[in-house]
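Need the 3D shape of this:
(one chain, ligands or ions: 1)
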Amino acid sequence: EITKEQRALIKAILDAYNRHQIPQDVTKKLLQEQYSAEENFLLLTEVATSQVQVLVEFTKNIPGFLSLDREDQIALLKGSAVEAMFLRSAQVLSKKMPSGHIEVLEERIRKSGMSEEFMTPMFNFYKSIGELHMTQEEQAILTTITILTPDRPYVKSHEAVERLQETMLEVLRKLCVLQHPQEPQYFARLLGRLTELRTLHHYHAEMLTSWKTNDHKFTPLLCEIWDVQ
Ligand SMILES: Cc1cccc(C)c1-c1noc(C(C)C)c1COc1ccc(-c2ccc3cc(C(=O)O)ncc3c2)cc1
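Take a look at the predicted model:
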């Protein structure tokens, strides 16, 4: 019941999702460097910067994205970067990685000068993503749907973005029916995660302010995408 066009869409997005990954030498650092709060923050900043670069490349491969108004492309990237990175780091943390990345990443996030109040919702989210056991396709399409959210700040052609997102939502709905026949509510559960991502996005804005107040430095790319400094 998935059409030929929809299958081609899934393939294009999955290929892009797998092609654009953080270089191993960056993620390997998560395992090696020492554990001071400063070192953790620096490492997370480096990984986040690399993640944003990967996200920009992935987004350019979303069918239809480059035909959107140029300023809307920027508005969508800026508005979705944090949410796409929460999704990506959650998917990584929930993968049973043999290299022990999981504890290490969790440890570094816990000890990076972030205040306790953000930890709970963040790690609850990580847990809830883990429990979904999403397939690669579902992860890639859910990330695409997050990026193609029409009501981000400064988006002008709301309808054009909405059309693209609706196409992706329909593909995801069919995928969920096919890949999780025993769970009729699975698609609804995935969409529920997008609501949780918005809440985390608000927490993250406060995290940025508190990091800034404590004079934490970010990279030029993160300053640009998150409008800090
Ligand atoms: C702390 C936080 C939580 C969630 C979202 C953000 C933006 C922040 C957040 N908020 O601020 C920051 C920095 C600037 C301090 C962050 C840190 O973001 C990230 C973003 C991505 C990753 C990450 C880690 C390991 C990976 C392994 C692999 C792989 O093996 O394939 N792939 C991608 C990976 C990505 C970690 C932290």
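
Show me the residue at the heart of this structure, geometrically.
Ala84 (1.7 Å; CA atoms, centre = their mean).

contacting residues for that residue?
55, 143, 146-147 (CB atoms under 8 Å, 6 or more residues apart in numbering). C-betas here are computed from N, CA, C, even on glycine.

what about the helix or strand encompassing it and the ligand, touching?
Assigned by DSSP states H and E, Ala84 belongs to helix 70-94. Yes - with CB under 6 Å from any ligand atom as the criterion, the ligand is reached by helix 70-94 at 82, 85-86, 88-89, 92.

next one: the lowest-mean-pLDDT helix or strand in the chain to chain centre, how far?
Every helix and strand of the chain was ranked by mean pLDDT, DSSP states H and E. The lowest is helix 101-110, at a mean of 77. Mean C-alpha position of helix 101-110 versus that of the full chain (CA atoms, centre = their mean, to the nearest Å) differs by 17 Å.

Equivalent analysis for stretch 212-220, please.
On CA atoms, centre = their mean, the centre of stretch 212-220 falls 21 Å from the chain's centre.

In that stretch, which residues are buried?
216, 218 (16 or more other CB atoms under 10 Å).

Please measure how far the first residue of it sits from its last one.
14 Å (CA to CA, to the nearest Å).

number of nearby residues for Lys11?
11 (other CB atoms under 10 Å).

nope, Arg70 is what I meant
8.

coming back round to it: between the helix holding Ala84 and helix 101-110, how many degrees?
Here helix 70-94 runs at 120 degrees with respect to helix 101-110, directions being taken by axes from the mean of the first three to the mean of the last three CA atoms, to 10 degrees.

Tell me the buried residues in helix 70-94?
72-73, 75-94.

So for Glu196, what pLDDT did the model give?
You'll see Glu196 listed with a pLDDT of 95.

who touches the least confident helix or strand of the chain?
Contacts of helix 101-110 (CB under 8 Å, 6+ apart): 27, 30-31, 35, 40, 43-44, 89, 92-93, 95-96, 119, 122-123, 126.

redo that, cut-off 6 Å
Applying CB atoms under 6 Å, 6 or more residues apart in numbering, the contact partners of helix 101-110 are 30-31, 40, 93.

just stretch 114-122 next, same as before
Outside stretch 114-122, the residues touching it (CB under 6 Å, 6+ apart) are 203, 207.

Return the alpha-carbon coordinates of it using CSV.
C-alpha atoms of stretch 114-122 as CSV (Å, rounded to 0.1, in the frame of the first residue of the first chain):
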residue,chain,number,x,y,z
MET,A,114,23.8,21.7,33.1
SER,A,115,21.4,22.3,35.9
GLU,A,116,19.5,19.3,37.3
GLU,A,117,16.0,20.5,36.3
PHE,A,118,16.8,19.8,32.6
MET,A,119,18.4,16.4,33.3
THR,A,120,15.1,14.7,34.2
PRO,A,121,13.0,15.6,31.2
MET,A,122,16.1,15.0,28.9
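
I'd like the numbering to begin with 554 instead of 1 from here.
In the new numbering, first residue 554, that becomes stretch 667-675.
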